[in-house]
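[1] using only what follows, build the 3D model:
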Amino acid sequence: MYAFPPSSNTDIFFGGKLLRRWLICLHATVRRSQRRPSSSTPTVQLTLFLCASPSTGERERSGKRGKMRLKKHKRNRKVVRFYSTRYGFREPFKVLCDGTFLHHLVLNKLGSPQEVLSSLLSARTILFTTRCIISELKRLGESFSESLKGALSLTITKCEHPDRVSASSCIEAIVKDKNSDHFFVASQDADLRKKFREIPGVPAIYAIRNSMFLDQPSACHLQFVKTAEEERLHMKELEVDMIKEREKKRLADQAAADGTESLGDVTKGRGVRSMHTSWTFNQKDKSMFKRKRAKGPNPLSCKKKKNSKGPVAA
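    Residues are numbered from 1 along each chain as shown. Below is the predicted model:
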């Protein structure tokens, strides 16, 4: 049996639409017929198979998957924009990866962490880990050797504790003070992600099988932003005290100036001039500019008067 190689798929344009040419597989089965006295040539039998185009259901499913990917991409961009505008996250974004997340990438063969996270956040990223996370991966043995190799290739951030602690405790110690370093935390630990939802400004990244997800802002994150905006709209107590002190000093200086001017007026035999004090910082009593009054017509634009009397005789 001999099979000809199938022709490759080719795209053609017809009437402004992209059409997929059907794949034509031509199989030729050559077999020798039984020897006949009338003919000694072999008989060739050709079989033509026509591969059908994808069904309507398959096209609908692929279209739904594309729409879902687009919605997920827009949702992730919205979350990244929220943390950038409200919490001050800046590109390149810093991502703190723990051992569970790196091991999940290795098991599911999702690729390098740099490419996966840059694609998720749609921006440049810098990946970090800690000494405690690396020591924990070392203790887990040979099954985590690939994850350990990936962790050693990341940038190591400093953790402020003398002895080695668990990876979750180390990450909590780094982001506990409102995440001042602006870290995205990538972890597969559900309990750890639940704690981060109670700490303002700590976005979490996790994976489910072959899909990556960016956690939505929690109610605690939204309430913190709302409270901060309300505080910015109102003056602080220190600012109110400073304004009161300045006003007291201004009134005292103005009273001293009024006393000096009144003494001068009494000496010269004139009345005491009253000054108008207000919150508008020494506004004048009268307006600086005179009010414009209606004027007469322009004499050049007026028609000359006609002489009613006749010409004077010489």
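[2] which SS class is I126?
    Secondary structure state of I126, per DSSP: H, G, I helix; E, B strand; the rest coil, is strand.
[3] contacts only, for it.
    92-95, 155 (C-beta atoms under 8 Å, 6 or more residues apart in numbering). Every C-beta, even on glycine, is put in place using the N, C-alpha and C of the backbone.
[4] try it again at 6 Å.
    If you count contacts by C-beta atoms under 6 Å, 6 or more residues apart in numbering, I126 has them with 92, 94.
[5] also T100?
    187-189 are the contacts of T100 under C-beta under 6 Å, 6+ apart.
[6] so how far is V106 from V165?
    24 Å (C-beta to C-beta, to the nearest Å).
[7] do G88 as well
    G88 is 33 Å from V106, where distance means C-beta to C-beta.
[8] neighbour-wise, which of these two wins?
    Taking other C-beta atoms under 10 Å, G88 and V106 do not tie; V106 has more neighbours (16 against 11).
[9] all helices of the stretch 201-314 of the chain, in order?
    Secondary structure of the stretch 201-314 of the chain by DSSP state H, counting those that start in this stretch: the helices cover 219-233, 237-268.
[10] pick the most deeply packed of these.
    Counting by mean count of other C-beta atoms under 10 Å, helix 219-233 has the highest mean neighbour count of the helices of the stretch 201-314 of the chain, with a mean of 12.
[11] pull that helix out as CSV, backbone CA atoms only.
    Output of helix 219-233 as CSV, limited to C-alpha atoms (Å, rounded to 0.1, in the frame of the first residue of the first chain):
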residue,chain,number,x,y,z
ALA,A,219,-13.9,45.3,49.7
CYS,A,220,-11.0,46.2,52.0
HIS,A,221,-9.0,47.6,49.1
LEU,A,222,-11.9,49.6,47.8
GLN,A,223,-12.8,51.0,51.2
PHE,A,224,-9.2,52.1,51.9
VAL,A,225,-9.2,54.0,48.6
LYS,A,226,-12.5,55.7,49.4
THR,A,227,-11.3,56.7,52.8
ALA,A,228,-8.0,58.1,51.5
GLU,A,229,-9.9,60.2,48.9
GLU,A,230,-12.2,61.7,51.5
GLU,A,231,-9.2,62.6,53.7
ARG,A,232,-7.6,64.4,50.8
LEU,A,233,-10.7,66.5,50.3
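[12] is it true that V106 lies in a helix?
    Yes. Under three-state DSSP, V106 sits within a helix.
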